[in-house]
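Okay, here's the prediction I keep looking at, along with the sequence it came from:
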Amino acid sequence: MALVTSKEMFAKALKSDYAIGAFNVNNMEIIQGIVDAARAEEAPLILQVSAGARKYARPSYLLKLVEAAILDTGLDICLHLDHGEDFEICKKCVDDGFTSVMIDGSKHPFEENIALTKQVAEYAHAKGVVVEAELGKLAGIEDDIKVDVRSASFTDPDEAAEFVERTGVDSLAIAIGTSHGAYKFKGEPYLDFERLEKISKLLPDTPLVLHGASTVLPEFVSLCNKYGGKIPGAKGVPEDMIRTAAKYGVCKVNIDTDLRLAMTAEIRRYLIEHPEEFDPRKYLGPARNAIESMVRHKIKNVLGASGKR
């Protein structure tokens, strides 16, 4: 039981057809719900921290919460920086004890992205930390990241192969049609599996990553709206598409929106049904249980990672 990198996790997943859930964390209840689910399903686990989570919960608190989760559950956990925007933030997380970092240079031109990513990879690898990078731009909103549909772009397979060779990154986040947030598709859901297959064939030994891959479960959207929420028309990536992606080299699937929806839906329900309550434990406890149940479903039925620890 320790903080580990994703290297061994990904090596196993590449030889099979399952993916590993990378769940965004913001507080104790979310962490507890996720790790309890992973322990119950005997699944490998990545916990990741966004820029927004760092601002909200503060890095030192999050690191100690993850360390406590390891002691409590006996799990090996990979602690990952999600969407590091520059070298300095990646360096800080490496120095603080993160075992994996993402440098997101997708907003830069190709050559600038390569130079920045290589700089991070060289520093992180010297410290035994693995690096994820991104090529292509996902539409949508996540914390401070905002990309409109017109600015989004799919990953070019040939550029992906060149990018990995020149940067030495350990995994690559690609854009094939997913998007951040709860409103992923206006029409019928579409992922470019032909593009994914080309990238996978060109990079057979490189773990691929799907960002913006929450399925935005209808039951949680409905529950939020029933108890005063206003998120009509929210739509995510169908679960069968995530399972298909895992067959083409996708080893890591990022999940954030589904966690937010599960927690918020249960808190809304509890407070409306129990207006006399003001003890946070009374509504945060059920919210934690909702997260555990949802994550177990994801691990078992969407990612196919049960029993793969």
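Now that the structure is in, tell me what you want to look at.

Give the residue farthest from the middle of this protein.
Glu276 (36.2 Å; CA atoms, centre = their mean).

Return the residues in contact with the residue most central in space within the chain.
Centroid-nearest residue in the chain: Asn254, 2.2 Å away (criterion: CA atoms, centre = their mean). Neighbouring residues of Asn254 by CB atoms under 8 Å, 6 or more residues apart in numbering: Ala22, Asn24, Gln48, Asp82, Val209, Leu210, His211, Gly212, Ala213, Ser214. To be clear about C-beta, it is placed using only N, CA and C from the backbone, and glycine gets the same treatment.

same thing but at 10 Å, please
Asn254 makes contacts with 21-24, 46, 48, 50, 80, 82-83, 102, 142, 173, 178, 180, 209-214, as judged by CB atoms under 10 Å, 6 or more residues apart in numbering.

Now Gly285. Nearest residue, chain neighbours left out?
Closest residue to Gly285 apart from its sequence neighbours, by CB to CB, 6 or more residues apart in numbering: Glu29 at 7.9 Å.

just to revisit the earlier point, ok, the residue farthest from the centre of the chain to Lys282 distance?
As for Glu276, its distance to Lys282 is 10 Å (criterion: CB to CB, to the nearest Å).

Helices of the stretch 101-250 of the chain, residue ranges please.
110-126, 157-167, 193-202, 218-226, 239-245 (DSSP state H, counting those that start in this stretch).

what would these look like in a markdown table with distance to Lys308?
Formatted as a markdown table, these follow (distance: least, CB to CB, whole Å):
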| stretch | distance to Lys308 |
| --- | --- |
| helix 110-126 | 25 |
| helix 157-167 | 25 |
| helix 193-202 | 20 |
| helix 218-226 | 26 |
| helix 239-245 | 14 |
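
Make JSON lines out of these and add mean pLDDT and mean neighbour count.
Shown next, in JSON lines, are the helices of the stretch 101-250 of the chain (pLDDT from 0 to 100; neighbours: other CB atoms under 10 Å):
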{"stretch": "helix 110-126", "mean pLDDT": "98", "mean neighbour count": "18"}
{"stretch": "helix 157-167", "mean pLDDT": "97", "mean neighbour count": "17"}
{"stretch": "helix 193-202", "mean pLDDT": "96", "mean neighbour count": "18"}
{"stretch": "helix 218-226", "mean pLDDT": "93", "mean neighbour count": "17"}
{"stretch": "helix 239-245", "mean pLDDT": "93", "mean neighbour count": "18"}
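
Give me the secondary structure label for the residue nearest to Gly285.
helix (DSSP: H, G, I helix; E, B strand; the rest coil).

which ones are touching it?
Shown in contact with Glu29 (CB under 10 Å, 6+ apart): 263, 280-281, 283-292.

Model confidence score at it, please.
Looking at Glu29, its pLDDT is 98.

ok, back up a step: where does the residue nearest to the centre of the chain fall, secondary structure wise?
strand 250-255 (DSSP states H and E).

in stretch 262-269, what counts as buried?
Ala262, Met263, Thr264, Ala265, Glu266, Ile267, Arg268, Arg269 (16 or more other CB atoms under 10 Å).

In a helix, the third one, correct?
Meaning Thr264. Yes - checked against three-state DSSP, Thr264 lies within a helix.

Distance-wise, check the nearest residue to it once chain neighbours are set aside relative to Glu197.
In this structure, Thr264 finds its nearest non-sequential neighbour in Cys224, 5.9 Å apart by CB to CB, 6+ apart. For Cys224, the distance to Glu197 (CB to CB) stands at 36 Å.
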